[in-house]
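A.B. asks: What would the 3D arrangement of this be:
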Amino acid sequence: MTIQQEYTYDVMEVCLLAGKIMLESGAETYRVEDTMMRMAQAFGAKESHSYVTPTGIIFSIESEQPTKTKLFRITNRTTDLHKVTLVNSISRKITSNELTMVEAYHALKEIEKSGVEYSVKLQVLAAAIASGCFLIMFQGTWVDFLPAVIAGGTGLVAFILAQSLVPIKFFAEFVASLIIALLSLFFVTVGWGFELDKIIIGSVMPLVPGLVLTNAVRDLMAGHLVSGLSKGAEALLTAFAIGSGVAVVLTFL
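C.D. replies: Predicted coordinates:
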């Protein structure tokens with residue numbers, strides 16, 4: 001392998017690592033493709049091509065040698081916009097020649113290793129408060145605020161536990177919505193809550209795939225039909241899982 005070939009493969013590794021982090025953290029498809037191609041251009045690649053879907057990245061660089069192409073499989077996807085921001089920052093530094101390829105690679109590795117910025121306790125607290133606020137936004141009463149807070153926080157705990165036991169996102173969402181509906185029904189039955197529908201709606205809102213749905217529309221508008229339809233299907237399945245969990249409880253009323 002020549003020095004030129006080794007350098008090209010190194011450039012591809014850095015670009016693919018950046019794309020992998022962004023895609024796993026919830027970035028839009030067009031943003032991932034644009035970032036990878038800009039980084040490759042900054043490292044001296046005359047022409048590069050990227051094809052990104054929610055489950056994989058195909059990236060190639062044109063050179064004097066035969067075209068080199070690599071495929072990166074994406075299995076885990078979550079929402080961590082802080083990581084997306086950090087990768088974008090590294091991309092801008094590369095473009096302005098502030099980082100070498102080795103420095104950029106090590107910086108991206110550090111970002112990849114870093115976990116979720118917020119602790120589980122803080123996530124549950126945020127989900128609980130958001131559930132109560134959503135209830136008020138949907139014209140619920142303050143009497144139902146506390147039941148929605150408890151149901152929303154417990155629902156997120158159930159989601160995290162279910163996903164750790166069975167790594168299937170849609171199953172975890174089904175279990176979480178089922179727990180939320182059962183708790184809401186319990187609160188109304190014992191007289192601690194009054195409007196069952198408002199409590200359930202407010203409590204399940206932290207589970208709603210808002211970012212996925214937004215990215216699906218943005219990808220479709222940008223012409224990425226495969227990614228847009230895939231993310232739209234993911235959002236639809238998530239909505240179906242949440243609705244099914246609630247429907248199971250309401251069916252027996």
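A.B. asks: what about residue 188, which helix or strand?
C.D. replies: helix 169-189 (DSSP states H and E).
A.B. asks: mean confidence score for that helix?
C.D. replies: Regarding helix 169-189, the rounded mean pLDDT is 95.
A.B. asks: Equivalent analysis for stretch 217-227, please.
C.D. replies: Mean predicted lDDT for stretch 217-227 stands at 85.
A.B. asks: swap in stretch 55-65?
C.D. replies: The model assigns stretch 55-65 a mean pLDDT of 83.
A.B. asks: Now that stretch: buried residues?
C.D. replies: Under the neighbour-count criterion of 16 or more other CB atoms under 10 Å, stretch 55-65 has 57, 59, 60, 61, 63 buried. C-beta here means a position set from N, CA and C on the backbone, and glycine is covered the same way.
A.B. asks: same check, this time on stretch 228-240
C.D. replies: For stretch 228-240, by 16+ other CB under 10 Å, it's 228, 230, 231, 232, 234, 235, 238, 239.
A.B. asks: Residue 191: what secondary structure?
C.D. replies: For residue 191, the assignment made with DSSP: H, G, I helix; E, B strand; the rest coil gives coil.
A.B. asks: In contact with it, which residues are there?
C.D. replies: Taking CB atoms under 8 Å, 6 or more residues apart in numbering, we find residue 191 in contact with no residue.
A.B. asks: From residue 142, how far out is it?
C.D. replies: From residue 191 over to residue 142 the distance is 16 Å, taken as CB to CB, to the nearest Å.
A.B. asks: Name the spans of this structure whose pLDDT lies under the cut-off.
C.D. replies: The model of the chain has pLDDT under 70 over residues 1-5, 64-66, 115-117.
A.B. asks: Mind naming the longest helix for it?
C.D. replies: If you go by DSSP state H, the chain has its longest helix at helix 225-251.
A.B. asks: quick check: domain ranges of the protein?
C.D. replies: What the record gives for the chain is the domain set 3-113, 120-251, from automatic domain parsing.
A.B. asks: No more questions from me, cheers.
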